[in-house]
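K.L.:
Quick one, fold the following:
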Amino acid sequence: MPTTDAQAVQQLTEALIRAQSVTPHDAGCLEMLADRLAALGFHLERMDRQGVSNLWATLGTEGPVVCFAGHTDVVPTGDLQQWSFPPFEPTVFDGKLYGRGAADMKASLAAMIVAIERFVAEHPRPQGRIACLFTSDEEGPATDGTTFVVEQLRQRPQPVIDYCIVGEPSSRAILGDMIRVGRRGSLNAHIQMHGRQGHVAYPEKVINPIHQLATLISALVAEDWDGAPNSYFPPTSFQVSNLTAGTGATNVVPGTAEAMVNWRFSTSTTDHDIRARVDALIQALGLTCTVNYSLSGAPFVTPQGILVEAASRILEEHTGQPPELSTGGGTSDGRFIATLGCELIELGPVNATIHQIDECVAVADLEPLADLYQRLLNTLLIDQSD
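P.N.:
Residues are numbered from 1 along each chain as shown. Model (predicted):
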């Protein structure tokens with residue numbers, strides 16, 4: 001039965017934190033959530049794949065679909081000795097709930113479940129449908145989780161999802177001061193520059209790939225990847241994350257030099273455009289290298305619409321000021337769900353400690369987060385149908 005306990009979100013968050021669900025392991029979290037949804041009459045579908053746990057749950061048969069999406073997996077803890085409290089033993093201290101995954105994103109999952117329970121208790125037969133898409137493969141490769149479920153859903157009659165609320169920790173300083181309305185795309189590349197090895201004392205006999213790689217990197221840094229401003233995204237950024245070269249000897253020019261690089265790009269360009277411009281730069285500079293690309297995700301944005309307008313109004317009532325609409329940060333599973341053509345936002349707790357030692361969430365934010373989710377359900381499924 002739905003709980004009315006004033007600490008319902010905290011209790012479920014603590015239960016989820018106790019599950020050592022380091023990616024891609026779910027450690028029983030989905031069963032915990034599925035049991036609560038089944039008690040409400042949800043139809044449950046497990047779509048597990050390659051050791052990844054996935055749940056697609058739905059309630060209702062007609063009307064607009066509001067989907068809550070999130071992940072049960074967490075990043076590794078790091079050095080346990082540096083934690084103030086054991087990371088999988090939820091601990092409340094000084095108004096904060098500590099534990100790995102507290103903010104990213106077990107508090108959001110708990111708030112979603114409690115919000116749905118309270119909504120269904122008030123509206124047993126809403127004019128619309130509620131869905132949940134939960135996975136244990138967001139913090140890892142993200143190849144067998146949400147992206148796999150989305151491909152299965154894509155084969156079903158449309159629309160599968162009209163509005164999607166991803167529980168990523170989006171808030172900056174206080175709960176609700178920011179929502180994500182999109183994310184930048186992420187393109188990785190491994191560049192191997194080919195030279196000619198030889199003795200440093202005979203420069204005429206060598207081709208130094210380090211020098212050539214430096215020339216290419218300089219050109220890539222100077223490139224204007226967008227060409228035009230974008231109202232919703234910061235300029236596309238290019239960064240070098242790794243450099244490898246040399247034999248370890250001081251008197252040998254190596255035969256190859258390698259770099260791992262990344263572009264975070266907006267909707268002003270595409271990964272295909274970036275690849276073509278890199279190839280053109282390499283040709284123009286007369287360099288010999290091999291480039292292997294890997295696309296982590298394309299950019300997406302929900303600039304306006306019913307969901308953004310509803311969330312903005314509700315959050316302004318909560319905080320007293322309009323929320324910032326942001327597309328910053330890293331990637332999320334929203335990039336896969338957005339391909340279904342739905343309106344999508346990310347709304348969750350303050351992200352100040354995510355992926356850090358002593359990750360925590362403010363206890364005072366737990367029940368309000370559930371209230372925000374419930375108010376979104378009311379707006380999207382009740383108010384819209386009036």
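
K.L.:
To what extent is Leu287 buried, counted in neighbours?
P.N.:
Residues within reach of Leu287, counting by other C-beta atoms under 10 Å, total 18. All C-beta spots, glycine's among them, are computed from the backbone N, C-alpha and C.

K.L.:
Check which helix or strand it maps to.
P.N.:
Using DSSP states H and E, Leu287 is not contained in any helix or strand.

K.L.:
What separation is there between the closest residue to it other than its chain neighbours and Asp226?
P.N.:
Nearest residue to Leu287, sequence neighbours excluded (C-beta to C-beta, 6 or more residues apart in numbering): Gln212, at 5.3 Å. Going from Gln212 to Asp226 by C-beta to C-beta, to the nearest Å gives 27 Å.

K.L.:
which parts of the host helix or strand of Phe148 are buried?
P.N.:
Using DSSP H and E, Phe148 maps to helix 146-154. Across helix 146-154, burial judged by 16 or more other C-beta atoms under 10 Å covers 146-150, 153.

K.L.:
Extract the residue ranges of the protein that are flagged as low pLDDT.
P.N.:
Residues of the chain meeting the criterion pLDDT under 70: 1-4, 384-386.

K.L.:
Over to Trp263. Which of the three states is it?
P.N.:
Classification of Trp263 by DSSP: H, G, I helix; E, B strand; the rest coil places it in strand.

K.L.:
one step back: could you spell out the sheet neighbours of whichever helix or strand comes after the helix holding Phe148, each with its direction?
P.N.:
On the C-terminal side of helix 146-154, the closest following helix or strand by DSSP H and E is strand 163-166. In the sheet, strand 163-166 lines up against strand 65-71 (parallel), strand 343-346 (parallel) (DSSP bridges).

K.L.:
The ones you listed into a markdown table, with extra columns for mean neighbour count and distance to Glu168?
P.N.:
Below are the strands paired with strand 163-166 laid out as a markdown table (neighbours: other C-beta atoms under 10 Å; distance: least, C-beta to C-beta, whole Å):
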| stretch | mean neighbour count | distance to Glu168 |
| --- | --- | --- |
| strand 65-71 | 27 | 8 |
| strand 343-346 | 26 | 4 |
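
K.L.:
Counting neighbours, go ahead and name the busier of Gln212 and Asp226.
P.N.:
Between Gln212 and Asp226, counted using other C-beta under 10 Å, the more crowded position is Gln212 (20 against 17).

K.L.:
which parts of the host helix or strand of the more buried one are buried?
P.N.:
Assigned by DSSP H and E, Gln212 belongs to helix 209-222. Neighbour counts over helix 209-222 (16+ other C-beta under 10 Å) mark 209-210, 212-213, 216-217, 220 as buried.

K.L.:
So which of the residues you listed is the closest to Gln374?
P.N.:
Of all the buried residues of helix 209-222, the one with the least separation from Gln374 (C-beta to C-beta) is Leu220, at 47.3 Å.

K.L.:
how close does that closest one sit to Ser326?
P.N.:
In terms of C-beta to C-beta, Leu220 sits 26 Å off from Ser326.

K.L.:
ditto for Pro209
P.N.:
Distance from Pro209 to Ser326, by C-beta to C-beta: 40 Å.

K.L.:
ok, how many other residues are close to Ala110?
P.N.:
Applying other C-beta under 10 Å, we find 27 residues neighbouring Ala110.

K.L.:
quick one: it and Asp365 touch, right?
P.N.:
No - using C-beta atoms under 8 Å, Ala110 is not in contact with Asp365, being 11.6 Å away.

K.L.:
starting at the chain centroid, how far to the helix or strand Ser241 falls within?
P.N.:
Using DSSP H and E, Ser241 maps to strand 237-245. Distance of strand 237-245 from its chain centroid, counting by C-alpha atoms, centre = their mean, to the nearest Å, is 23 Å.

K.L.:
ok, now stretch 69-83?
P.N.:
With C-alpha atoms, centre = their mean, you get 15 Å for stretch 69-83.

K.L.:
swap in stretch 190-203?
P.N.:
Taking C-alpha atoms, centre = their mean, the mean C-alpha location of stretch 190-203 is offset from the chain mean by 40 Å.

K.L.:
Give the buried residues for it.
P.N.:
Using 16+ other C-beta under 10 Å as the test for burial, stretch 190-203 gives 191-193, 195, 198.

K.L.:
what does stretch 315-335 give?
P.N.:
The neighbour-count check on stretch 315-335 (16+ other C-beta under 10 Å) flags 315, 318-319, 323-327, 329, 331-335 as buried.

K.L.:
Let's have these in TSV, adding distance to Leu187.
P.N.:
Shown next, in TSV, are those (distance: C-beta to C-beta, whole Å):
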residue	distance to Leu187
Leu315	32
His318	36
Thr319	35
Pro323	29
Glu324	26
Leu325	24
Ser326	21
Thr327	16
Gly329	16
Thr331	11
Ser332	16
Asp333	18
Gly334	17
Arg335	12
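
K.L.:
Of those residues, which is the nearest to Leu33?
P.N.:
Asp333 (16.0 Å).

K.L.:
Helices along the protein, start to end?
P.N.:
8-18, 29-38, 107-122, 146-154, 209-222, 271-285, 306-319, 334-337, 366-377 (DSSP state H).

K.L.:
now for the helix holding Phe148, which elements pack on it?
P.N.:
Where contact means 3 or more C-beta pairs under 8 Å, 6 or more residues apart in numbering; DSSP states H and E, helix 146-154 is packed against strand 54-59, strand 129-135, helix 334-337.
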